[in-house]
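Participant: This is a predicted model, with the sequence first.
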Amino acid sequence: QVQLVESGGGLVQAGGSLRLSCAASGRTVNNYYMGWFRQAPGKEREFVGVVSWSAATTSYADSMKGRFTISRDNAKNTVYLQNDNLKPEDTAVYYCAAVQYCSVDECYQTTRWPYWGQGTQVTVSS
């Protein structure tokens, strides 16, 4: 089992930045791909991005490229999502997730990820 706890959400003005953290515990998270998703009110949960075991590879949803950056510190069992130039449409609950492996096509699918955090709210005001 892997337990995930997100933090760092809050209220920010449009154009601002936030860095979300996801602290992992349980099994060695070095062996897991770590991903970020988000869910806006009334919408389905959508893929933001993923980082591989050693952080050698990251992949993002096309709409997230350029403003979102995922990184990880395996020594701290923590994954980060840096959100820059935030827009009101980025308002959502942001979730981190873990899976031992996912291919490029699989990572986008929420059903591929067995472990989830409880989420952290990000609200962007205009």
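Facilitator: Yep, it's here.

Participant: Number of residues surrounding residue 63?
Facilitator: Per other CB atoms under 10 Å, the neighbour tally for residue 63 reads 12. Where C-beta positions appear, they are placed from N, C-alpha and C, glycine not excepted.

Participant: Helix, strand or coil: sort out it for me.
Facilitator: Using DSSP: H, G, I helix; E, B strand; the rest coil, the structure places residue 63 in helix.

Participant: From residue 27, how far off is it?
Facilitator: 32 Å (CB to CB, to the nearest Å).

Participant: next one: residue 85
Facilitator: As defined by CB to CB, residue 85 lies at a distance of 35 Å from residue 27.

Participant: can you check residue 124 too?
Facilitator: From residue 124 to residue 27 the distance is 34 Å (CB to CB).

Participant: can you pull the contacts of the residue nearest the centre of the chain?
Facilitator: When CA atoms, centre = their mean is applied to the chain, the residue found nearest the centroid is residue 36 (2.0 Å). Each residue near residue 36 by CB atoms under 8 Å, 6 or more residues apart in numbering is listed here: 20, 22, 48-50, 68, 70, 79, 81, 94-97.

Participant: try it again with 10 Å
Facilitator: 6, 20, 22, 47-51, 60-61, 64, 68, 70, 79-81, 83, 94-97, 117 (CB atoms under 10 Å, 6 or more residues apart in numbering).

Participant: And residue 91, by the same measure?
Facilitator: Counting by CB under 10 Å, 6+ apart, residue 91 has contacts 11, 12, 38, 40, 41, 121, 122, 123, 124, 125, 126.
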